[in-house]
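Asks: Okay, predicted coordinates and the sequence, questions at the end:
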Amino acid sequence: MTPSRIGALAFALLQWLLVITWALVPAQRAEAAKLGQGCSVFYPCEDGLSCHPFVQKCFHVPRRESEPCMAGHGCGPGLNCEAGSQVCRAPGKSGEACHVTRPCGAGLSCQPGVHRCYAVPRAENEPCSAGFGCGPGLTCEAGSQVCRATGKVGDACHLTRPCGSGLSCQPGVQRCYHSPRAENEPCVAGYGCAAGLSCMAGKQVCEKLAAKQCIHNMAGYSAKVEWWRPQDLSYTGADGKYTLNAGTGKKAAKVDSSITLGFSSCNDTAETRTAVVRIEGGNYVNSGIGYAAGALVAAAGGAGSVLICGATAGAGCAGAVAGTAAAVGGVISMAQSNLPDVPQIAFIGTPTTTQEIRLTGTVWAPAHENGTLRGGAAAHAGSPADLARACREAVQGKVAWSRGGSTQWVDSNLNALCEGAKTPSAIAACVTEGITAHNDWQRAVRECKGR
């Protein structure tokens, strides 16, 4: 077959193919591709759809959520073409991923670092950071960078997670407890116990004040309390003067050391005992201490008033300790050899089971007052001046007036805080809680005074 013959046959075949193709086109257009079906220039999509480049499938015009998108094939209202996936996305819901081409929905924002959507402002347990703060009543906890509600009883607490109303953060354990502390809650100076409770030395826990003999320290010194059996102490005397002697080889039945501000020492037995209270490290007078029974007098050497008898009359004082009668106004003198370390002694007496002795004053001028125990409830007696003084001693040098940690108060500010004080330990705890929460000493004075 000649080349010219072959060319003629090829041209005829091409014409035949074109005729067949054009004959088929109307049928194909009648059966246009549906959503998700393959498509091409010869097999277009039905109305409302378009053939998406590269994937060659039909999708809505404009594209709907989760459909592919690109330039010329954009997304519908309220949707964004997400970079990377090239898919139409709705605004992110809470907890969903977010970035510049997938913003968060109304009321949400994209949290830096984790790049997920959270409430504006942040809700409890949602992440937070500068510019993405927490809602009312919440704080952004340092370390976890999570919004936390104020702590409940027993919850962990610190500067950026304060305790809730009526609670304060217990130093050392860093957990929230009632203010003042409830029964069986931990206590320490500045974080005292509620009425009817006492912060027990050693345990540092608030316990009920049962009907028992107690010494409660609200003074500016650390005390050592010795509880003596009456038969182990004796008085001898003549001409109305008595000498207190510890029997040979006798020792105190119970000794509680380091009783600091806010703590108590109690005689837990049914036996009535005599309390000898010492100022730890208080060797500041000579051994010739003397006092009139039932009265506060100067120590020998002119060191000041340092010794108190707990009873109200001379006979009651000597009789309570020695179990023997004594003349009213009789003077008791003690020799250091009979009762060791006499210069440390600040109090000798026998509290009744309906009365606690409350130590006040300073190492240079110790004093005391009575607090009545009724049915386990302690109602501390004391004049307004005494309570104001105890308040100043509980705050000055112990309670910070700012988060900077300064505990040295200006006298006028301290007097304003302590005016009308009823429970000094409660005022100290209130100020500490307030400074932790808002760091405003003036507000703390307004809110805490008179407690």
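Replies: The structure has been received and is ready for your questions. Treat the numbers as computed from the prediction; the structure is a model and nothing was measured.

Asks: In the stretch 101-250 of the chain, where is pLDDT below threshold?
Replies: 209-211, 233-248 (pLDDT under 70).

Asks: Helices of the protein, start to end?
Replies: Using DSSP state H, the helices of the chain run over 3-30, 314-322, 384-395, 411-418, 424-438, 441-448.

Asks: the inter-axis angle of the last one versus helix 384-395?
Replies: With axes from the mean of the first three to the mean of the last three CA atoms, to 10 degrees as the criterion, the two stretches helix 441-448 and helix 384-395 enclose an angle of 130 degrees.

Asks: Show me what helix 441-448 is packed against.
Replies: Packing partners of helix 441-448 (3 or more CB pairs under 8 Å, 6 or more residues apart in numbering; DSSP states H and E): helix 411-418, helix 424-438. No exception for glycine: its C-beta is placed from N, CA and C like everyone else's.

Asks: ranking these by burial, who's on top?
Replies: Of all the helices and strands packed on helix 441-448, helix 424-438 has the most neighbours on average by mean count of other CB atoms under 10 Å, namely a mean of 23.

Asks: Run through who's touching it.
Replies: Contact partners of helix 424-438, identified using CB atoms under 8 Å, 6 or more residues apart in numbering, comprise 159, 162-163, 167-169, 179-180, 189-193, 218, 262, 387, 390-391, 393-395, 398-403, 417-418, 421, 440-441, 443-445, 447-449, 451.

Asks: Now with 6 Å, please.
Replies: 162, 168, 179-180, 190-192, 262, 390-391, 394-395, 399-400, 421, 444, 447-448, 451 (CB atoms under 6 Å, 6 or more residues apart in numbering).

Asks: Tell me what the most centrally placed residue in the chain is bridged to.
Replies: The residue lying closest to the centre of the chain (CA atoms, centre = their mean) is C169, at 2.0 Å. Here C169 sits in beta bridges with C176, going by DSSP bridges.

Asks: looking at the helices and strands packed on helix 441-448, which is closest to Y118?
Replies: Closest to Y118 of these is helix 424-438 (CB to CB; 25.1 Å).

Asks: Next, the angle helix 384-395 makes with that closest one.
Replies: Using the same axes, to 10 degrees: helix 424-438 against helix 384-395 is 50 degrees.

Asks: Can I get helix 424-438 in CSV, CA atoms only?
Replies: Extracted C-alpha coordinates of helix 424-438, given in CSV (Å, rounded to 0.1, in the frame of the first residue of the first chain):
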residue,chain,number,x,y,z
PRO,A,424,-5.5,39.2,118.7
SER,A,425,-4.7,36.0,116.9
ALA,A,426,-7.7,36.4,114.7
ILE,A,427,-6.6,39.9,113.7
ALA,A,428,-3.1,38.6,112.9
ALA,A,429,-4.5,35.8,110.7
CYS,A,430,-6.9,38.2,109.0
VAL,A,431,-4.1,40.6,108.0
THR,A,432,-1.9,37.7,106.7
GLU,A,433,-4.8,36.4,104.6
GLY,A,434,-5.6,39.9,103.3
ILE,A,435,-2.0,40.8,102.3
THR,A,436,-1.8,37.4,100.5
ALA,A,437,-5.0,38.1,98.6
HIS,A,438,-4.8,41.8,97.7
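
Asks: What mean pLDDT does that helix get?
Replies: For helix 424-438, mean pLDDT rounds to 80.

Asks: rank the helices of the chain by pLDDT, which is bottom?
Replies: When I compare the helices of the chain, helix 314-322 is least confident, with a mean of 34.

Asks: Any idea how many residues pack against T272?
Replies: 16 (other CB atoms under 10 Å).

Asks: Would you state the predicted confidence (pLDDT) at it?
Replies: In this model, T272 is scored at 78, pLDDT.

Asks: From here on, call the first residue 305.
Replies: New numbering, starting at 305: the last item is T576.

Asks: Can you select the buried ones from the contacts of helix 728-742 in PyMOL?
Replies: The PyMOL selection below is limited to those of those classed as buried (16 or more other CB atoms under 10 Å):
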select buried, resi 466+472+483+484+494+495+496+566+694+695+698+699+703+704+725+748+752+755
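
Asks: Between the helices and strands packed on helix 745-752, which one is closest to H419.
Replies: It is, among those and with distance given as CB to CB, helix 728-742, at 32.9 Å.

Asks: for the closest one, the distance to its chain's centre please.
Replies: Here helix 728-742 is found 11 Å from its chain centre; the criterion is CA atoms, centre = their mean, to the nearest Å.

Asks: what's the domain layout of this protein?
Replies: Taking automatic domain parsing as the reference, the chain has its domains at 349-393, 395-453, 460-513, 514-682, 690-752.

Asks: now those in CSV, with distance to A336?
Replies: Output for those, formatted as CSV (distance: least, CB to CB, whole Å):
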stretch, distance to A336
domain 349-393, 4
domain 395-453, 32
domain 460-513, 63
domain 514-682, 88
domain 690-752, 70
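
Asks: how about these, which one is nearest Q341?
Replies: domain 349-393 (5.6 Å).

Asks: average model confidence for the closest one?
Replies: 95.

Asks: Tell me which residues touch E428, please.
Replies: When contacts are counted by CB under 6 Å, 6+ apart, E428 is found next to 442, 451, 453.

Asks: Mind doing that once more with 10 Å?
Replies: Shown in contact with E428 (CB atoms under 10 Å, 6 or more residues apart in numbering): 438-439, 441-442, 450-453.

Asks: Show me which pair in these is furthest apart.
Replies: Between any two of the contacts of E428, the greatest separation by CB to CB is 14.5 Å, found for G441 and V450.

Asks: Those two: which is more packed in?
Replies: V450 (17 against 11).

Asks: is the more buried one in a bridge, and if so with what?
Replies: As for beta bridges, V450 partners with P431, E445 under DSSP bridges.

Asks: so Y495 makes contact with Q474?
Replies: Yes. Y495 is within contact range of Q474, at 6.1 Å (criterion: CB atoms under 10 Å).

Asks: hey, what's in contact with both of these two?
Replies: Contact with both Y495 and Q474 is made by residues 481, 483, 485, 489, 508, according to CB under 10 Å, 6+ apart.

Asks: Show me which pair in those residues is furthest apart.
Replies: Most distant of these, by CB to CB, are S483 and Q508, 15.9 Å apart.
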